[in-house]
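Student: Dropping the sequence and predicted coords here.
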Amino acid sequence: MSKTPSAILNSKIHGKKAFLPDDVENSVSTALSYIWTVTNKKIDSCVFEQDKVRIIFKKNEGRTYIDLQELSSSFTFINKV
């Protein structure tokens, strides 16, 4: 079994590693890749603070805050079998 790029990166980070089921890891990876792409790859970092996320952009382009609690009420979750 070959390691994915995220598995290789995680193995280099010190501290306790969180293990996610493959389907959850794939969903999170897809969502983050989408965000990174639609922002023209200008995101420097995302910091999750309780029910909010702070997105900091590269090259002093500023930051924005998103209320995740407010957004989650409009999601429709579909269970895949």
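Tutor: Yes, it's here. Bear in mind the structure is a predicted one, so any value in this text is a computation, not a measurement.
Student: After the longest helix seen in the chain, which helix or strand is next?
Tutor: Counting residues, the longest helix found in the chain (DSSP state H) is helix 22-38. Using DSSP states H and E, the helix or strand that follows helix 22-38 towards the C-terminus is strand 43-49.
Student: Listing partners with orientation, what would you give for that next one?
Tutor: strand 52-57 (antiparallel) (DSSP bridges).
Student: Now do the buried residues in the strand it pairs with.
Tutor: 53, 55 (16 or more other CB atoms under 10 Å). (C-beta placed from N, C-alpha, C; glycine too.)
Student: got it, and stretch 45-53?
Tutor: Buried, per 16+ other CB under 10 Å, within stretch 45-53: Val53.
Student: on that earlier part again, and the longest helix of the chain, what does it pack onto?
Tutor: strand 43-49 (3 or more CB pairs under 8 Å, 6 or more residues apart in numbering; DSSP states H and E).
Student: orientation of the longest helix of the chain relative to strand 52-57 in degrees?
Tutor: Angle, helix 22-38 to strand 52-57, by axes from the mean of the first three to the mean of the last three CA atoms, to 10 degrees: 50 degrees.
Student: Output helix 22-38 in CSV with nothing but the alpha carbons.
Tutor: Provided in CSV are the C-alpha atoms of helix 22-38 (Å, rounded to 0.1, in the frame of the first residue of the first chain):
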residue,chain,number,x,y,z
ASP,A,22,-10.9,7.0,4.6
ASP,A,23,-14.2,8.4,3.5
VAL,A,24,-14.0,11.3,6.0
GLU,A,25,-10.4,12.1,5.1
ASN,A,26,-11.3,12.1,1.4
SER,A,27,-14.3,14.5,2.0
VAL,A,28,-12.1,16.9,4.0
SER,A,29,-9.4,16.7,1.5
THR,A,30,-11.8,17.5,-1.4
ALA,A,31,-13.4,20.4,0.5
LEU,A,32,-10.0,21.9,1.4
SER,A,33,-8.7,21.5,-2.2
TYR,A,34,-11.8,23.2,-3.5
ILE,A,35,-11.3,26.1,-1.2
TRP,A,36,-7.7,26.4,-2.0
THR,A,37,-8.4,26.3,-5.8
VAL,A,38,-11.3,28.9,-5.8
